[in-house]
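Participant: Everything below, folded, please.
(4 chains)
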2 protein chains.
Amino acid sequence: MTKKTISASCLIQNALIASRLARKVENRLSVHGLSFTEYLVMDYLDNAPHKAVPRIALAEHVGMSASGVTRLLAPMEKNHLVDKVANQRDARQSLVKLSETGQRVFNEASVSFENIAKDLLVALSTSQQERLVDVYAKLI
Amino acid sequence: MTKKTISASCLIQNALIASRLARKVENRLSVHGLSFTEYLVMDYLDNAPHKAVPRIALAEHVGMSASGVTRLLAPMEKNHLVDKVANQRDARQSLVKLSETGQRVFNEASVSFENIAKDLLVALSTSQQERLVDVYAKLI
DNA sequence: CATATATACTTGCTTAATCAATTAAATGTG
DNA sequence: CACATTTAATTGATTAAGCAAGTATATATG
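Facilitator: Numbers count the residues shown, from 1 in each chain, chains lettered A, B, ... in the order given. Take a look at the predicted model:
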C-alpha cells in the first residue's frame, strides 16, 4: 500500500465526493427536466442578465469544450429555454441568453436546487461552507 | 439575477472546480495510459492490498454503477493491470485485485499523480488541504 | 423443502461529452 | 490590399458511463 501526500488525498477525495454529489443533484433536478450541466449553464446565464454571452465564454466557465456546448445548447434551444442572438460586431460569435421560458424554468428549478444543496451539505456549518467557497476561489 | 444561498454556491463551485481539476489530471495521467477513473480504481485496490475486492464495493467506492465498473475493468483485465479472482464463498461475486504489472504501473503513475496534485493545489496551504480532506470526510 | 426475493454481475441500447477536422469570419503583416 | 493566422462555432466519429433487462447464485419464508 502506497503512502500518499495530503495533496494527493485531497485531489482524490475531491473527485470522489464531486461525482457522488453530482449524481444526487442530477437525480433530484430531473423532475424539472434539467441535467446538472444544463442547470449550471442556466445559472451562469442568469448571472449575466442583460448581456447575452458568447458560447465560448460559457464553455470556458462550465469547463466544457466548444463542441460540448454546441451539443448541450441545441436541445435547449429547441425547447425554447435559451435564445440564440447574433453578435453585431462579430459574425463568428453567436450569443446565448435565457429566454423568458428559460428564466421561469430556472427560477423553479433553483428552488429545488436550494433544497438539494441544503440537504447534501447539511453536515457542514455555514462557516465551513463559506470557507469551502473561499478555498474553491483559490483553485480557479 | 437570482439570489443564492451559500450551500448552493458551494455545490455549484464544487462541481465546476472538480470538473476542471479532473480534466487537468486526466491530461497529465494520460502519459501512463491511465484515465483518472482507472487511477482512482487502482488507488482503491492499492489500499486493499491483501484482499481482492468485490466489483460492487469498487463501484460503491468510486461512485459508479455496476455496469460502469464492468466496462471499466474489461480493458484493464485484457491489459493485465488487474486480475479477476473467484470468491469461494459466493459464486456471484468476482473479486478484483491489482496484478503485479498493475501494481508497478500504479506505482509509476502515483509518482506523477503526486506531482499533479502538488501543482494543482499549490494555491492551498497544507493546513487548508487538511481541512479540505476533513470537510470531504463529512460529506461521504 | 420449495418457491420467492434479493444480490452480483453482464449485456444491449442510449446519451453526453470529447477530439479532430471543417467552415466562416476577423485580425495582423508583408 | 492580399494573404496568413487566429478565433468561434459546428459536424463526424469515438468513447465512457448510465439505465433497464437478463442471468446466475444466494438467502429468506411459507
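Participant: Contacts for stretch A:56-63, please.
Facilitator: Contacts to stretch A:56-63, defined as Cβ atoms under 8 Å, 6 or more residues apart in numbering or on different chains, come from residues A:37, A:40-41, A:44-45, A:64-66, A:68-69, A:93, A:96, B:16, B:19-20, B:23. Any C-beta I mention is one placed from the backbone N, CA and C, and that applies to glycine too.
Participant: Revised request: answer the last question for stretch A:114-124.
Facilitator: Looking at stretch A:114-124 with Cβ under 8 Å, 6+ apart, the contacting residues turn out to be A:21, A:24-25, A:28-29, A:129, A:132, B:4-5, B:7-8, B:10-11, B:135, B:138-139.
Participant: ok, and the closest non-adjacent residue to the most centrally placed residue in chain A?
Facilitator: The central residue of chain A, meaning the one whose C-alpha is nearest the mean C-alpha position (Cα atoms, centre = their mean), is residue A:40 at 1.8 Å. The shortest distance from residue A:40 to any residue other than its chain neighbours is 5.3 Å, reached at residue A:62 (Cβ to Cβ, 6 or more residues apart in numbering or on different chains).
Participant: quick one: is stretch A:29-40 near DNA strand C?
Facilitator: Yes: for stretch A:29-40 and DNA strand C, the contact criterion (Cβ under 7 Å from any atom of the strand) is met by A:35, A:37.
Participant: got the end-to-end distance for that stretch?
Facilitator: Taking Cα to Cα, to the nearest Å as the measure, stretch A:29-40 stretches 11 Å from start to finish.
Participant: That stretch - what's its average pLDDT?
Facilitator: The average pLDDT for stretch A:29-40 rounds to 95.
Participant: Of all the residues in it, which ones are buried?
Facilitator: Judged by neighbour count using 16 or more other Cβ atoms under 10 Å in any protein chain shown, the buried positions of stretch A:29-40 are A:29, A:32, A:34, A:36-40.
Participant: and those as JSON lines, adding secondary structure?
Facilitator: Listed next are these as JSON lines, based on DSSP: H, G, I helix; E, B strand; the rest coil:
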{"residue": "A:29", "secondary structure": "helix"}
{"residue": "A:32", "secondary structure": "helix"}
{"residue": "A:34", "secondary structure": "coil"}
{"residue": "A:36", "secondary structure": "helix"}
{"residue": "A:37", "secondary structure": "helix"}
{"residue": "A:38", "secondary structure": "helix"}
{"residue": "A:39", "secondary structure": "helix"}
{"residue": "A:40", "secondary structure": "helix"}
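Participant: Now distance to DNA strand D too, for those, in JSON lines please.
Facilitator: As requested, these are exported to JSON lines (distance: Cβ to the nearest atom of the strand, whole Å):
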{"residue": "A:29", "distance to DNA strand D": "13"}
{"residue": "A:32", "distance to DNA strand D": "17"}
{"residue": "A:34", "distance to DNA strand D": "15"}
{"residue": "A:36", "distance to DNA strand D": "12"}
{"residue": "A:37", "distance to DNA strand D": "13"}
{"residue": "A:38", "distance to DNA strand D": "15"}
{"residue": "A:39", "distance to DNA strand D": "17"}
{"residue": "A:40", "distance to DNA strand D": "17"}
